[in-house]
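Colleague: kindly generate the corresponding structure for this input.
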Amino acid sequence: MGTTSQLILAVPPNEVTTAQPYGLTLAHVAYRVGGGPHLFRSNLPIPVRGGLMYIDDSGFDGRGTPDGFCQEVVRECSARGFGGVVCAFERSLPLLSAIVSQLGPMLARQNRSFYVSEPYGRHSGTGRVLISTALSGGSLRQRLAEAVERYGAGRVALAVERTAEDFFLPSPNGQGRPLSQSELTSKLEELSPSIFFSDELCARYFTYMNRQSGAHFVLFDDAGSIRKKLRLAEALGIRRALLFFPEVSDLLPELLAQA
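Modeller: Numbering: from 1, shown residues only. Sure, this is the predicted structure:
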């Protein structure tokens, strides 16, 4: 089933039926924290049961108290048979911290798993902390090793983000221009560059010159580099990895063939 004990696919509602045949745990990207706060839900296919609930914080105003919201989450888990919850919160808001702190024990009492984004790891005593693989500098091994030292390997999960970015050289702020997969494919076909592998970033890269903008560095992932990320995590005792189905759907057959 791949190189980790459990691969989880984060899947939007319109791609659930496409993702189901792979036989992996699905995290349903159909929920967000809405005003109140209340649990807002997109239209899930009626038969969907099992997997995980994936909640984001897009558009949330940060006001309210956590109690009612947490109860709504637990009720939805029971109704859908969800085995756990992913709180993929990106912004730093006191109410979201309170939700994470209160929701963790509630889910633990029902033997449901709990995953939190890295900024909220300190607000959960039992939740698994999602560590992103997206780096433009430093060392992925060191980043994961530090997370394992802080939380313990059993509480760390890999959040695999498929990289495709074009950087100016030198890069003034470490930020590249995101490339779509079609843009990356076109650039590879146009340039036919020599492709290298960065052990530190655990990703492929190549360089090229542009007459107008000068030197460029392109960092990207393919099935091989993602597989190396998964193996690196496993070597550090990290047994769970979350992948975003729309990003990796074209790579899954190759990834899963490498048992």
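Colleague: low pLDDT regions in the stretch 1-150 of the chain?
Modeller: 1-5 (pLDDT under 70).
Colleague: which residues of it fall in strands?
Modeller: 6-11, 25-34, 38-41, 52-56, 84-87, 113-117, 128-132 (DSSP state E, counting those that start in this stretch).
Colleague: return the most buried member of these.
Modeller: Neighbour counts (mean count of other Cβ atoms under 10 Å) averaged over each of the strands of the stretch 1-150 of the chain peak at strand 84-87, with a mean of 26. The way it works is simple: take the backbone N, C-alpha and C, and place the C-beta from them, glycine included.
Colleague: what residues does that one touch?
Modeller: Strand 84-87 has contacts (Cβ atoms under 8 Å, 6 or more residues apart in numbering) with 10, 27, 52-55, 73, 77, 96, 99-100, 103, 107, 112-117, 120, 127, 130, 242.
Colleague: kindly recompute the last result at 7 Å.
Modeller: Here strand 84-87 makes contact (Cβ atoms under 7 Å, 6 or more residues apart in numbering) with 27, 52-55, 73, 77, 100, 103, 107, 112-117, 120.
Colleague: give the rounded mean pLDDT of the helix or strand harbouring Leu219.
Modeller: Element membership of Leu219 [criterion: DSSP states H and E] is strand 214-220. The average pLDDT within strand 214-220 is 94.
Colleague: dump the strands of the stretch 1-150 of the chain to TSV, plus distance to Phe197.
Modeller: Output for these, formatted as TSV (distance: least, Cβ to Cβ, whole Å):
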stretch	distance to Phe197
strand 6-11	22
strand 25-34	29
strand 38-41	41
strand 52-56	31
strand 84-87	30
strand 113-117	28
strand 128-132	19
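Colleague: OK, contacts around Pro193?
Modeller: If you count contacts by Cβ under 7 Å, 6+ apart, then Pro193 has 206, 208 around it.
Colleague: before we move on, what about Val218?
Modeller: 166, 187, 205-206.
Colleague: in CSV: these, plus distance to Asp61 and neighbour count.
Modeller: Shown next, in CSV, are the contacts of Val218 (distance: Cβ to Cβ, whole Å; neighbours: other Cβ atoms under 10 Å):
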residue, distance to Asp61, neighbour count
Asp166, 35, 19
Lys187, 40, 18
Tyr205, 40, 18
Phe206, 44, 17
